[in-house]
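[1] I'll drop the sequence and a predicted model, then ask my questions.
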Amino acid sequence: MSKPIVVVSSPMNSVGVELLRQHYDVREVFYGEAPPQEIANALRDAEGVVTRSLPLTRALIEQSKSLKVVAKHGAGVDTIDVAAATEAGIIVANSGDANALGVAEHAVVLMLSTLRRVPATDRMVREGGGFAERERMVFGDLWDATVGFVGFGNIGRNAARMVRNGFQAKILAFDPAVGADAMKAEGAEKVDTLQALLERSDIVSLHLPLSEKTRHIIGRRELLAMKKHAILVNTSRGGTVDEHALHDALREGVIAGAGLDVFETEPPGTANPLFASSNVVLSPHIGGATLAARTRTSRRAAEAVIAVLSGSRPDYPINPEVYSRARAQTE
Ligand SMILES: NC(=O)c1ccc[n+]([C@@H]2O[C@H](COP(=O)([O-])OP(=O)(O)OC[C@H]3O[C@@H](n4cnc5c(N)ncnc54)[C@H](O)[C@@H]3O)[C@@H](O)[C@H]2O)c1
């Protein structure tokens, strides 16, 4: 009997690929490299897919008639039409906290490199300068700073631990789904409104999912609420920030800087006006790209596929209602 087909749609650590190969006919067809039609054709006969960046649209889901599981290699499922998958009876599962430590570390990297303007000073030295200019250079501090977390789930909590334990930072958090006691247990103070968090923080770090509710949650009004010396760090999704408003705020000195791992459009293209700002530090959506995080995430994604295709529940289902719908239909 032929093995079920599982599509891996982005390069991933060999741990997960090898695990899948023990059970399935694994087809590696990479988004951004293979023509879209080749990916659609591979999905047509597949029972499972591991996706990182491949958008799982309604059209793609509806034409993939054999699909039973979409495993997200990572946490954010904004590129997957979860409603369409649920209607089709397809389980969507993410990788839980598998890459949380890696992304949390990168948030701290962006905090420090924005405060210390690492790319700009690196460039100065390479160009033969920096030493005269340093006499006037003064940077912001992470030590003892007030850091405000918007979203206090797996990544926000881990980043908070790092800056609290490592830098004695005071932690504020805004997350309607996390109670004050749970925040207190992490050494954080629950703040009831986004506005209050923005007004009080020296560093604002975003760790919430992108949805229609959170799109542009940081716009002109929110940036104006921040302190003039404050910086914004975004390792969540680019769409949570209105990039035009951020560009204006940086140009006008409304805030002091920004560290961005994610963009409204990815890749952002070279004409993005933010690139002209010297007080912005950028990286190409690599928050979860450490060896440890990639290894854990790859294994988690493979385990989700194996769980569903062997009739069990995955550890981190996004649409568990698929199971109750299936039960209701058989009753
Ligand atoms: N840069 C990267 O490489 C990278 C990697 C992984 C995840 N991410 C992004 O980070 C996000 C967070 O990941 P996580 O693992 O911490 O997810 P999580 O689900 O553990 O936590 C997200 C938290 O955000 C909160 N939240 C939702 N809406 C909110 C709102 N309007 N205001 C404040 N809080 C809100 C939720 O209640 C939840 O506690 C993901 O959704 C993903 O988009 C980025």
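    In hand now; what should we look at?

[2] leaving out chain neighbours, which residue sits closest to whichever residue of the stretch 201-331 of the chain sits closest to the ligand?
    With Cβ to the nearest ligand atom as the measure, residue 287 is the residue of the stretch 201-331 of the chain nearest to the ligand, at 2.9 Å. (C-beta placed from N, C-alpha, C; glycine too.) With Cβ to Cβ, 6 or more residues apart in numbering as the criterion, residue 287 has its nearest non-adjacent residue at 3.7 Å, and that residue is residue 103.

[3] for the residue of the stretch 101-250 of the chain found nearest the ligand, what are its contacts?
    Using Cβ to the nearest ligand atom, the closest approach of the stretch 101-250 of the chain to the ligand is made by residue 153 at 1.7 Å. Residue 153 makes contact with 175, 178, 207, 208, according to Cβ atoms under 8 Å, 6 or more residues apart in numbering.

[4] closest to residue 110 out of these?
    For residue 110, the closest of the contacts of residue 153 turns out to be residue 207, at 12.2 Å, with distances computed as Cβ to Cβ.

[5] that closest one touches residue 155, doesn't it?
    Yes. At 4.7 Å, residue 207 counts as touching residue 155 under the criterion of Cβ atoms under 8 Å.

[6] between the two, which contacts overlap?
    By Cβ under 8 Å, 6+ apart, the residues touching both residue 207 and residue 155 are 107, 235, 236.

[7] among those, which are in reach of the ligand?
    Residues of the shared contacts of residue 207 and residue 155 in contact with the ligand (Cβ under 6 Å from any ligand atom): 235, 236.

[8] in whatever helix or strand residue 301 lives in, what's buried?
    Per DSSP states H and E: residue 301 is located in helix 291-309. Residues of helix 291-309 classed as buried by neighbour count (16 or more other Cβ atoms under 10 Å): 293-309.

[9] relative to the whole chain's centre, how far out is it?
    17 Å (Cα atoms, centre = their mean, to the nearest Å).

[10] tell me the mean pLDDT for it?
    Averaged across helix 291-309, the pLDDT comes to 98.

[11] over to stretch 20-31?
    Mean pLDDT, stretch 20-31: 98.

[12] ok, the closest residue in space to residue 97 that isn't next to it in sequence - contacts?
    Leaving out its chain neighbours, the residue that sits closest to residue 97 by Cβ to Cβ, 6+ apart is residue 154, at 4.0 Å. Going by Cβ under 8 Å, 6+ apart, residue 154 touches 75, 96, 97, 100.

[13] give me the distance between the second one and residue 76.
    From residue 96 over to residue 76 the distance is 12 Å, taken as Cβ to Cβ, to the nearest Å.

[14] cool, the third one as well?
    With distances defined as Cβ to Cβ, the gap from residue 97 to residue 76 amounts to 13 Å.

[15] and the two? which has more neighbours close in?
    Neighbours were counted for residue 97 and for residue 76 using other Cβ atoms under 10 Å; residue 97 has more, 19 against 15.

[16] got a list of what the more buried one touches?
    Taking Cβ under 8 Å, 6+ apart as the criterion, residue 97 is in contact with 75, 154, 158.

[17] list the contacts of the first one.
    What it means is residue 75. Per Cβ under 8 Å, 6+ apart, neighbours of residue 75: 94, 95, 96, 97, 99, 100, 103, 154, 155, 209.

[18] show me which residues of the stretch 1-150 of the chain sit near the ligand.
    The stretch 1-150 of the chain comes close to the ligand at residues 74, 75, 76, 99, 100, 103, 150, as judged by Cβ under 6 Å from any ligand atom.

[19] make TSV out of the residues you listed and add pLDDT.
    Formatted as TSV, these follow (pLDDT from 0 to 100):
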residue	pLDDT
74	96
75	95
76	95
99	97
100	98
103	98
150	99
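
[20] mind checking pLDDT for the residue nearest to residue 97?
    Predicted confidence (pLDDT) for residue 154: 97.

[21] and residue 331, by the same measure?
    65.

[22] just residue 327 next, same as before
    On the pLDDT scale, residue 327 gets 69.

[23] correct me, but residue 275 touches residue 269?
    No. The pair residue 275 / residue 269 is not scored as a contact, 9.3 Å apart, by Cβ under 8 Å.

[24] the more surrounded of the two?
    Neighbour count, other Cβ under 10 Å: between residue 275 and residue 269, residue 275 has more, with 12 against 9.

[25] distance check, that one against residue 256.
    18 Å.

[26] the helix or strand of the chain with the lowest mean pLDDT vs helix 291-309, what angle?
    None of the helices or strands of the chain scores lower by mean pLDDT, DSSP states H and E than helix 321-330, at a mean of 79. Counting by axes from the mean of the first three to the mean of the last three Cα atoms, to 10 degrees, helix 321-330 lies at 0 degrees to helix 291-309.

[27] tell me what helix 321-330 is packed against?
    Applying 3 or more Cβ pairs under 8 Å, 6 or more residues apart in numbering; DSSP states H and E, one finds that helix 321-330 contacts helix 82-87.

[28] so which elements touch the helix it packs on?
    Short answer (3+ Cβ pairs under 8 Å, 6+ apart): helix 82-87 packs on helix 58-63, strand 91-93, helix 321-330.

[29] return the most buried member of these.
    Ranked by mean neighbour count, the helices and strands packed on helix 82-87 are led by strand 91-93 with a mean of 26 (mean count of other Cβ atoms under 10 Å).
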